[in-house]
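[1] Here you go, sequence then predicted model.
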Amino acid sequence: MLNKVILMGRLTKDPEVRYTSNTNTLVCSFTLAVDRSFKREGQPTADFINIVAWSKTGEFCSKYFTKGQQVAVTGRLQTRNYDDKDGKKVYVTEVVAEEAHFADSKKQDTTSDFESGFNAQTTQEGSSAEGFTPVVDDTQLPF
């Protein structure tokens, strides 16, 4: 079985951070406006997808993502429910982010060590689980 979601869109507002009450784990929430490939008269042109990022991925998103920024998220679809304060059952569908990356074109005046994004499988700074080293300055590449 496979549950894999890949999205690219723009943040509708700055990410919100909170911590779980029992384990004090960081949880970052934000919404992506994802353009639809087809547009019909009178229909919305984007879907608004709720994203939840936990721990290190959430920390990365809260620190570096801002409203209006285009990002790419890879994760899994999750559905859950809970009872609100009035006792009414609320159903939630969201994407749990496993990886988050910048998708905007590179700004001319700034550079960042985190331009490629965050991958939860990164084993140590500067190298990934597959043994590749990210290229920070791509202006010197021959292609």
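    Happy to help now that I have it.

[2] Assign residue 62 to helix, strand or coil.
    Here residue 62 is helix, with the state taken from DSSP: H, G, I helix; E, B strand; the rest coil.

[3] distance of it from residue 78?
    Using C-beta to C-beta, to the nearest Å, residue 62 is found at 19 Å from residue 78. Glycine gets a C-beta too; all of them are placed from N, C-alpha and C.

[4] When the two are compared, which one has more neighbours?
    Under the criterion of other C-beta atoms under 10 Å, the comparison of residue 62 against residue 78 puts residue 62 first, with 18 against 14.

[5] Could you report the pLDDT at that one?
    Turning to residue 62, the model gives it a pLDDT of 96.

[6] What of residue 19?
    Model confidence at residue 19, given as pLDDT, is 97.

[7] The closest residue to it other than its chain neighbours: neighbouring residues, count only.
    Sequence neighbours aside, residue 26 is the residue nearest to residue 19 in space, at 5.9 Å (criterion: C-beta to C-beta, 6 or more residues apart in numbering). Counted by other C-beta under 10 Å, the residues lying close to residue 26 total 17.

[8] Contact partners for residue 31?
    Contact analysis of residue 31 by C-beta atoms under 8 Å, 6 or more residues apart in numbering lists 11-13, 48-51.

[9] Would you mind giving the residues you listed as TSV with pLDDT and secondary structure added?
    As requested, these are exported to TSV (pLDDT from 0 to 100; DSSP: H, G, I helix; E, B strand; the rest coil):
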residue	pLDDT	secondary structure
11	97	strand
12	97	coil
13	97	coil
48	95	strand
49	97	strand
50	97	strand
51	98	strand
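
[10] So which of the residues you listed wins on neighbours?
    Across these, the neighbour count under other C-beta under 10 Å reaches its highest value at residue 51, namely 25 neighbours.

[11] For it, name its beta-bridge partners.
    With beta bridges defined as DSSP bridges, residue 51 has these partners: residue 30, residue 95.

[12] Do I have it right that it meets residue 74?
    No. Using C-beta atoms under 8 Å, residue 51 and residue 74 do not qualify as a contacting pair, with a distance of 10.8 Å.

[13] Which neighbours do the two have in common?
    Shared contacts of residue 51 and residue 74, defined by C-beta under 8 Å, 6+ apart, are found at 7, 97.
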